[in-house]
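> Model the structure of this input:
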Amino acid sequence: MSNFTPHPGQRVERYDVDARLDTDYYAVFSDIDGADRDAWNRAKTFADEIIPVIGEYWDRAEYNVAFARRLGELDLFADGIVHEGLTELSPLAAGLVNMEVSRGDGSMGTIVAVQGGLALRTLALFGSAAQKTQHLAALSRGEVLGAFALTEPDHGSDSVSLESTATRNPDDSWTLNGVKKWIGNGASGGITFVWARVDSKGSDDHGAVRCFLVPQETPGYNGEPILGKTSLRAIHQAHITLTDVQLPADAVLPGAKSFKDASRVLYATRSGVAWSALGHATACYEVALSYATQRIQFGKPLAAFQMVQERLTQMLDDLTSMQLYCRRLADLEASGGLRPTQASLAKYHNTRTARRVAATARDLLGGNGILLEHRIARHMADIESIHTYEGTESVQALLLGRDITGVGAFA
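Predicted structure coming up:
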């Protein structure tokens, strides 16, 4: 119970904008039950736990790995991966987890994307039996943190041109050299799945892009958290330098033989970004609606003003369209009929729309909209990251343009 005593000029100590409103105007998710509902409820539990505290970590740019372990305890990392030993989440359940965790906080949504969507998926798809026996369960439970190292300082959108090298030694061991950037969990003390180009002239795989399991304590592996971020501040992305990193022959993932395999992982996680954008937009809309009913101006709540009602309607319109995109995306994936460019369209639409919802919500809160305690500014900043990763807006547009015209326009 607050002991706040109103003084002239301040009627309310703090606006209650953390309440869950479960916005679903078209009943897009009203029929969800069984295992899908159970997964969604576990994600709601996590979101409700972190919302009161995560802003402090975001403000300090501090990564509390206990949150990642809690996600593992709640079994929220499976991300639709079908593999023995992992809880099977349907595409719909995996999407709802992404949505709900991102509604709580974008950094936490990125943990799900990195640990489950990228690292765990890479191991499940391409790892050897021994690699899976050692690491699969630990990754899924959050006991070991995993990273996916593809992007380089000079190769973001054109990651197919990556320059990090893996040289095969005479005894079939490997030497890795190169630099990676923006690698979530890359400095967390866990394991990193490093994608590198084979530099072994005369070998069958010379020039091919392959993936290597690298414990982060390996000599020559140096991961440093990237400082000065204005987005996703409650998780560390790393700048990784690989200097003559020596790996045994069995460090290579046998199923990863080309860049197409890396793309297979990225295509699978693109849907998750669309769902994550929906989570951010949901948070912004619900904060704005709660605030509008509590904030008094000119003698009445903001919600009683026509312009405010119009803005709330605009946000609901956008939010509902995002929900419909995501539900159809999950249905297509469940049927086996989802094409990569369809995932691209959902990502393209939802991150662009989430930006618009966040901007409208921030404006509706006026000056209070920039305060971290009201959450919108944090979500607004975090949306900028998901709008970029897993393929920028421009890259998605080019993929879609090629698909609908039959003409490639990549430079």
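> And whichever helix or strand D36 is part of, what's buried?
Secondary structure assigned from DSSP states H and E places D36 in helix 34-50. Of the residues in helix 34-50, those scored as buried under the neighbour-count criterion (16 or more other Cβ atoms under 10 Å) are D36, A39, W40, R42, A43, K44, F46, A47, I50. Glycine gets a C-beta too; all of them are placed from N, C-alpha and C.
> Tell me where the stretch 151-300 of the chain has helices.
Taking DSSP state H, counting those that start in this stretch, the helices of the stretch 151-300 of the chain run over residues 259-294.
> pLDDT below threshold where in it?
Regions of the stretch 151-300 of the chain meeting the criterion pLDDT under 70 are absent.
> which residue ranges form the strands in it?
With DSSP state E, counting those that start in this stretch as the definition, the stretch 151-300 of the chain shows strands at residue ranges 165-168, 174-184, 191-198, 209-215, 221-225, 237-247, 296-297, 300-301.
> So which of these is the most surrounded?
strand 191-198 (a mean of 24; mean count of other Cβ atoms under 10 Å).
> Now do it against helix 259-294, angle only.
Relative orientation of strand 191-198 with respect to helix 259-294: 140 degrees, computed using axes from the mean of the first three to the mean of the last three Cα atoms, to 10 degrees.
> and the angle for strand 191-198 with strand 237-247?
Put simply, strand 191-198 runs at 70 degrees to strand 237-247, going by the same axes, to 10 degrees.
> Now strand 191-198 - C-alpha only, PDB.
The C-alpha trace of strand 191-198 is given here as PDB (Å, rounded to 0.1, in the frame of the first residue of the first chain):
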ATOM      1  CA  ILE A 191      29.600 -22.200 -26.000                       C
ATOM      2  CA  THR A 192      29.600 -20.500 -29.400                       C
ATOM      3  CA  PHE A 193      28.600 -22.000 -32.700                       C
ATOM      4  CA  VAL A 194      31.100 -20.200 -35.100                       C
ATOM      5  CA  TRP A 195      30.500 -20.200 -38.800                       C
ATOM      6  CA  ALA A 196      33.700 -20.000 -40.800                       C
ATOM      7  CA  ARG A 197      35.000 -20.600 -44.300                       C
ATOM      8  CA  VAL A 198      37.200 -23.600 -44.800                       C
END
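> packing partners for that strand?
With contacts defined as 3 or more Cβ pairs under 8 Å, 6 or more residues apart in numbering; DSSP states H and E, the packing partners of strand 191-198 are strand 146-149, strand 165-168, strand 174-184, strand 209-215, strand 237-247.
> With distance to S159 as extra columns, can I get these in JSON lines?
As requested, these are exported to JSON lines (distance: least, Cβ to Cβ, whole Å):
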{"stretch": "strand 146-149", "distance to S159": "11"}
{"stretch": "strand 165-168", "distance to S159": "15"}
{"stretch": "strand 174-184", "distance to S159": "10"}
{"stretch": "strand 209-215", "distance to S159": "9"}
{"stretch": "strand 237-247", "distance to S159": "14"}
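> between the ones you listed, which one is nearest to F67?
When the helices and strands packed on strand 191-198 are ranked by distance to F67, counting by Cβ to Cβ, first place goes to strand 174-184 at 13.1 Å.
> okay, which residue is most central for the chain?
Geometric centre of the chain, nearest residue: T110, 3.3 Å, by Cα atoms, centre = their mean.
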